[in-house]
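Engineer: coords please:
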Amino acid sequence: MEWYRKAADKGSPDAMVNICLLYRDGNGVTQDFSQSMNWCRKAAEKGSDNALAVIAGFYSDGKGVPQDYSEALRWYQKAADKGYDRALLAIAVMYEQGEGVPQDSGEAYFWYSLSCAAPVPGDTLEKWRGWRDEAAAKLTPAKLAEIQQRTRQWVKVHPAIHD
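Structural biologist: The predicted structure follows:
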C-alpha cells in the first residue's frame, strides 16, 4: 500500500486503481467501499478507463452504493467509449440478460462483437466469440448485417479496443 500511495500522491491513475481494488477486496487493508470508490473516482478523473469500469461494477453489484443498473451502464459506456474491452463485454452481458436494460440479442451481439476485437488470450477470446455467436443465432440475416455495419462504424470513430 505504501508504494501505491506514494505513486498515487504523484498522480498515477494506475496506483489509484490499485488502491481502489485493495480497499474493495480488503486485500491488506480493512475492506472499505467508500474508500475504494473515492480512489476509483480519483483515477477516473485522471483518465483511467479501468477505474470507470470498476465504478460501474460497484453500481451493477450494489457494493458500497445502491444497486443501479442505469448508473452502471452509464459508467460502463464511458469506459467502452475509450475502447476498454471489459466494459464492452459487461454491456453485452447486460443486454443479453436484461439487467437494467431491455433484453436484446441484437444489442448483445453488437457489444460482444466489439469486445471480440480486443487483444485477449485465445481461450478468453474463444469464450467471448461463443457468446457473440449465441446472440447472433437469435437474429435474422438482415438484422445481423445491420448490426455488423453498425459495429464497423463504431470501430471507425472510437479508440482502439484494448484490455
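
Engineer: please enumerate the helices of the chain.
Structural biologist: Remark: helices assigned in the chain by DSSP state H are 2-9, 13-25, 33-45, 49-61, 69-81, 85-97, 105-115, 122-136, 141-157.

Engineer: so Ile147 sits right up against Tyr112, yeah?
Structural biologist: No: between Ile147 and Tyr112 there is no contact under C-beta atoms under 8 Å: 10.2 Å. Where you see a C-beta, it was placed from the backbone N, CA and C, and this is true even at glycine.

Engineer: looking at these two, which is more packed in?
Structural biologist: Tyr112 (27 against 21; other C-beta atoms under 10 Å).

Engineer: roughly how far out does stretch 136-146 sit from the chain middle?
Structural biologist: 25 Å (C-alpha atoms, centre = their mean, to the nearest Å).

Engineer: I should have written stretch 57-68 there, sorry.
Structural biologist: Worked out by C-alpha atoms, centre = their mean, stretch 57-68 lies 14 Å from the chain centre.

Engineer: swap in stretch 109-121?
Structural biologist: 12 Å.

Engineer: which one is Ala44 nearest to, not counting chain neighbours?
Structural biologist: Ala51 (4.2 Å; C-beta to C-beta, 6 or more residues apart in numbering).

Engineer: show me the contacts for the one you found.
Structural biologist: Pro13, Met16, Val17, Cys20, Cys40, Arg41, Lys42, Ala43, Ala44 (C-beta atoms under 8 Å, 6 or more residues apart in numbering).

Engineer: now swap in Gly106 and tell me
Structural biologist: For Gly106, the contacting residues are Ala135, Leu139, Lys143, Ile147, by C-beta under 8 Å, 6+ apart.

Engineer: need those in TSV with pLDDT and distance to Asn27, can you?
Structural biologist: What follows is the contacts of Gly106, written out as TSV (pLDDT from 0 to 100; distance: C-beta to C-beta, whole Å):
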residue	pLDDT	distance to Asn27
Ala135	97	35
Leu139	97	42
Lys143	98	44
Ile147	97	40
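
Engineer: most surrounded residue in the residues you listed?
Structural biologist: Ala135 leads the contacts of Gly106 on contacts (other C-beta under 10 Å) with 24 neighbours.

Engineer: for that one, give its distance to Asp104.
Structural biologist: 9 Å (C-beta to C-beta, to the nearest Å).

Engineer: then Ala145?
Structural biologist: Ala145 is 17 Å from Asp104, by C-beta to C-beta.
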